[in-house]
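# mind looking at a prediction? Sequence and model below.
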Amino acid sequence: MFVDEMPWMDTHGSGFLSALESFWNEWASCRKDILLIACGSATSWIVKRLNHNAGGLYNRVRTQIKLYPFTLAECEAYASELGLSYNRDHVAECYMAFGGVAYYWSLLEKGKSPGQNFNRLFFGRRGGLKLEFDELYASLFANPAPYIDIVLALGARRSGLSRDELVSAIGVQSNGNLTAHLSELEECGFIRRYRPVGGVNGGVYQLIDNFSLFYMRFVKNCRSQDGDYWTEAVGEGAKSEWRGFAFERLCLEHVPQIKRALGISGVHTEVYSWKCSASSELRGAQIDLLLVRKDGIVNLCEMKYAKGVYAIDAEEDRKIANRVAAFDRALGGNKSIHVTMVTAHGLAHNTYWNNVQSEVTLDDLFK
C-alpha cells in the first residue's frame, strides 16, 4: 500500500491518525503480505506523527527513505535531460540559486540563459517562484511563522548563530518548542548545526538552503515589476558578493567530492567550522570548512569563486596566514595544517601560490 502525501489527509477533526493506528495494529500488522509506504513532502508531519509517534504507531517505522537534493553532477545530468545547453558555470549558478531541488530545475526553459530564467521565475509579473518562499514553508509546517522567524534571523548572519544568539535575535524562550523547530528545519535541510572546534556548546546554526538565501537577498524586498530586473538592475557587485557566499554553501554541500579530490575518501574525517575574536597578536578569524583527519592533518579550506583563474594577492595571503596562525594556536600545534583552495577554475601560480598545499576545482565537485 502506497499512500502519497499522507500529511494532507490528517486535517483537523478528521481522525485520520487514530484510524491509521487502528488499521495497522488491529489488522495489517497481523499479516505478512502488507507493506505500508507513507510518503509526504511535509517532513515535519512525517517526523512528528510517524517517526516520533508515542501512541499507537510507536516503533512501527522499519525503514526511512530520505530524498536528498540532487548533487551538481545530478543537476548537470537533469539539465541535459531537460534540453538545457548549460556549461558547468551555468549549472553552478543555477545550483547556487535553487540548490538541488528537482522541481525548481524543471521550471527552467531551454533557450534561455540562467539570468533570463531568473528574470522570468523570480521577478516577472507572473514569476513562478515569486511567492514560493511563503508557500514553501506553509506547505511544510502547519504553523510556519516560528520557522520563518528562525530562517530570517539565520539568513541575516552569514556565519550563523548560537542558540543563545538566536533566542535573543527572535525574542523567544529557549524551550522544547525551539528545539523542535530547529530539529525539523535541520531535518528538512534548511539549516545545519555545525560544531566549532573548541567552540560553543550545542553548536552554531547556519542557514544553508540556497533558495531561501537567494530569495532573502534579492526577491523579498524587491518591488520592481520589471521582468529584466536580474540582468538589468542588479549590479555586478551585488551578484559577485552573492556568488562568493553561495559558492561556499555549494562547497559545504559537496564535502564528499572535496575529500575525493584530495585523495582522502578512505581517511576518517570530521567536518568543522571555527572562529575566534581578535587578540593583541592576531586579528579575528573565521574558517567555514575544516577537514580534521585521523592521520594528523587538517585541511583548512578556503572557498573562493571567480569567473576565471583566482589569484591570491598580498592582502588575501595575509588573511590566510592569520587564520592558519590563529587556528594552530587553538589546536596547540599538535596537527599539521594544510591550506586547501577550492575555486571554480583553479589558482594563478603566482608568488603566494607556494603557500597552498592542495587545490580543488569546480570540475572536481561535479564528480
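Alright, I've got the coordinates.
# ends of stretch 243-259, how far apart?
One end of stretch 243-259 sits 23 Å from the other (Cα to Cα, to the nearest Å).
# what does that stretch contact?
Residues from elsewhere that reach stretch 243-259 (Cβ atoms under 8 Å, 6 or more residues apart in numbering): 69, 71-72, 92-93, 95-97, 99-100, 158, 192, 208, 210, 213-214, 265, 267, 269, 271, 288-289, 291, 301, 303-305, 340, 342, 344, 360, 364-367. To be clear about C-beta, it is placed using only N, CA and C from the backbone, and glycine gets the same treatment.
# could you rerun that using 7 Å?
Applying Cβ atoms under 7 Å, 6 or more residues apart in numbering, the external contacts of stretch 243-259 come out as 71-72, 92, 95-96, 158, 208, 210, 265, 269, 271, 288-289, 291, 301, 303, 305, 342, 360, 364-365, 367.
# how about stretch 152-164?
Against stretch 152-164 from outside (Cβ under 7 Å, 6+ apart): 166, 169-170, 174, 191, 200, 202, 204-207, 212-213, 216, 245, 275, 286.
# drop anything exposed from the residues you listed.
166, 169, 191, 204-207, 212-213, 216, 245, 275 (16 or more other Cβ atoms under 10 Å).
# which is the next helix or strand following the helix or strand harbouring residue 45?
Secondary structure from DSSP states H and E places residue 45 in helix 43-45. Downstream of helix 43-45, the next assigned helix or strand under DSSP H and E is helix 72-81.
# the nearest residue to residue 312 once chain neighbours are set aside and residue 251, how far apart?
Once flanking residues are discounted, residue 312 sits nearest to residue 352: 4.1 Å by Cβ to Cβ, 6 or more residues apart in numbering. Residue 352 is 21 Å from residue 251, where distance means Cβ to Cβ, to the nearest Å.
# repeat for residue 154
Counting by Cβ to Cβ, the gap from residue 154 to residue 251 is 18 Å.
# residue 105 too?
Counting by Cβ to Cβ, the gap from residue 105 to residue 251 is 20 Å.
# now do residue 131
Taking Cβ to Cβ, one finds residue 131 at 30 Å from residue 251.
# skipping adjacent residues, who's closest to the residue nearest the centre of the chain in space?
Residue closest to the mean C-alpha point of the chain, counted by Cα atoms, centre = their mean, is residue 208 at 3.1 Å. Excluding the flanking residues, the one nearest residue 208 by Cβ to Cβ, 6+ apart is residue 192, at 5.0 Å.
# done for today, thanks.
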